[in-house]
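> All I have is the shape, not the residue letters:
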């Protein structure tokens, strides 16, 4: 087997080996089924060249940004990441349509005793419809939550960085 073929085979196997933890994947699948009103779908990692990924404000890897397809039709994207809270990190999900508009945000796992209100549907719905052209500001166009200041600021910053990253990827025709 020649070098190029071997390299492609190893690279393909490595890409297939990246996935979400089972408990997180179950929650992500449930949200996808709910938002896209679909039972069967493909969930594939989106490859972002490593040099491009390193220059982005948000973390992008083979294990946190996915395309959602059904019958070869792109339904949208899923971005799964972590953001810091007071003493730990929390896991969150952002579902996007094919035009990179936020359809839903969800806190998947929150590991603090205080500040769990950040996961409320009512608070999270303010991110729906946000695009790469939006600039989110805590206390201005993003509502504060008493007792969850650190988590709210962190989540707002994380979503801002994601939107900035998506804009860069879109301008470079990677997405």
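Structure received. Because the structure is predicted, anything quoted here is derived from the model rather than measured.

> list the contacts for residue 167?
132, 133 (CB atoms under 8 Å, 6 or more residues apart in numbering). C-beta here means a position set from N, CA and C on the backbone, and glycine is covered the same way.

> again, only using 10 Å
Residue 167 sits next to 56, 57, 100, 131, 132, 133, 134, 175 when contact means CB atoms under 10 Å, 6 or more residues apart in numbering.

> May I have the phi/psi pair for it?
Dihedral angles of residue 167 (phi, psi; degrees, to the nearest 10) stand at phi -60, psi -40.

> What's the separation between it and residue 160?
For residue 167, the distance to residue 160 under the criterion CB to CB, to the nearest Å works out to 11 Å.

> Over to residue 26?
When distances are taken as CB to CB, residue 26 and residue 160 turn out to be 28 Å apart.

> which of the two has more neighbours?
Neighbours of residue 26 and residue 160, each counted by other CB atoms under 10 Å, are more numerous for residue 160; the result is 19 against 12.

> wait, what's in contact with the more buried one?
If you count contacts by CB under 10 Å, 6+ apart, then residue 160 has 57, 58, 130, 134, 135, 136, 137, 138, 142 around it.

> List buried residues within those.
A residue is treated as buried here by neighbour count (16 or more other CB atoms under 10 Å); on that basis the buried members of the contacts of residue 160 are 57, 58, 130, 134, 136, 138, 142.
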